[in-house]
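Engineer: heads up, no residue letters with this:
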DNA sequence: ATAAACAGTGGACATAGGTCAACGGTCAAA
DNA sequence: TTTGACCGTTGACCTATGTCCACTGTTTAT
């Protein structure tokens, strides 16, 4: 498919598709027609962009997205190295999940304190010298 | 404490401390000495910067960090609005956790396929037209 | 008293990740 | 065949998040 189609199919702009291509996040982009030099994008790039969107949404940088994708499809690595690479990505992901859960607990605690007696050590820590709120 | 001290205590550069202050992420920054105009940072800012670092690590932007901190300490909001704000942050956090778990499952699946028979639908989807790997 | 370390300000610069506009070529439908 | 939608390239521009530098003033150690 041409760039307009993959753009509307994935919901990212044509410029962004071109950027991702330039950054090496896409694959198998060809120019099959000798009379124009339109590029041709296959379905795997739709899939890649979808995955990139998902990873970006949770805060991964494009270079990290590329790292993951490359780890998954890299033909040059032998099985052991690829396995190690993916294991390390999984570890990173686990750590991020833990951090998020911590933040969630943190928020939840604030919420509980708000409802109960509106006085939390953490609020105090964030607020500093101000007086306790009264509302 | 002065900027050098909070900088080394938190591990972020002085410039970054100044940037965070300018962006409204810190609080209670004063200039207690009338003869110099050195700024004074309290312990609550150490705590804030630590929290910011944690949130940044998992991909939150500074504006989002500010959103969360403000939601937690905002005195202007009444309890209901603050509760709603925090609830929405918790919801966002939950969605991020789900995404991460999906990516983790995704990685795990690749790993399993790698070990088992090195041939996965998803790898194929990412790879596109290339031949199946043989290694 | 003087040098070194520290502080503040302003502005330039850097990188990531895009977005947009201009220009010229191409395709498709009326 | 002409018009409008599409494509590629280039380069400017934008926000976010910092970093660095020059200049000035202050504090501290010797």
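Structural biologist: Great, that's in hand. Everything numeric in this text was worked out from a predicted model, so none of it was measured.
Engineer: ok, residue A:30 to residue A:38 distance?
Structural biologist: Computed as Cβ to Cβ, to the nearest Å, the residue A:30 to residue A:38 distance reads 10 Å. All C-beta atoms are positioned from the backbone trio N, CA, C, and that covers glycine.
Engineer: next: residue A:26.
Structural biologist: Using Cβ to Cβ, residue A:26 is found at 15 Å from residue A:38.
Engineer: try residue A:7
Structural biologist: Applying Cβ to Cβ to residue A:7 and residue A:38 gives a distance of 13 Å.
Engineer: looking at these two, which one has more neighbours?
Structural biologist: Neighbours around residue A:7 and residue A:38, counted as other Cβ atoms under 10 Å in any protein chain shown, are more numerous at residue A:7. The numbers are 19 against 12.
Engineer: for DNA strand D, what are the nearby residues on chain A?
Structural biologist: A:2, A:3, A:4, A:5, A:7, A:14, A:15, A:18, A:37, A:38, A:39 (Cβ under 7 Å from any atom of the strand).
Engineer: what comes up buried for stretch A:91-103?
Structural biologist: Within stretch A:91-103, the residues that count as buried by 16 or more other Cβ atoms under 10 Å in any protein chain shown are A:92, A:93, A:96, A:97, A:99, A:100, A:103.
Engineer: I meant to write stretch A:41-49 there.
Structural biologist: Neighbour-count burial for stretch A:41-49 [16+ other Cβ under 10 Å]: A:41, A:42, A:44, A:45, A:46, A:47, A:48, A:49.
Engineer: for stretch A:74-88, same thing?
Structural biologist: A:82, A:83, A:85, A:86.
Engineer: so who does the last one touch?
Structural biologist: Residue A:86 makes contacts with A:71, A:72, B:107, B:110, B:111, B:114, as judged by Cβ atoms under 8 Å, 6 or more residues apart in numbering or on different chains.
Engineer: tell me which of these fall in helices.
Structural biologist: Per DSSP state H, helices hold the following members of these: A:71, A:72, B:107, B:110, B:111, B:114.
Engineer: any idea how far DNA strand D is from the residue lying closest to the fourth one once chain neighbours are set aside?
Structural biologist: Right, residue B:110. In space, and not counting its chain neighbours, residue B:110 is closest to residue A:72: 5.3 Å by Cβ to Cβ, 6 or more residues apart in numbering or on different chains. Per Cβ to the nearest atom of the strand, to the nearest Å, residue A:72 is found 26 Å from DNA strand D.
Engineer: pLDDT score for residue A:72?
Structural biologist: In this prediction, residue A:72 carries a pLDDT score of 79.
Engineer: do residue A:35 as well
Structural biologist: 90.
Engineer: just say helix, strand or coil for it.
Structural biologist: Assigned with DSSP: H, G, I helix; E, B strand; the rest coil, residue A:35 falls in the coil class.
Engineer: hang on, isn't the residue nearest to residue B:110 packed against residue B:125?
Structural biologist: No. Look at residue A:72 against residue B:125 with Cβ atoms under 8 Å: they stay out of range, at 10.1 Å.
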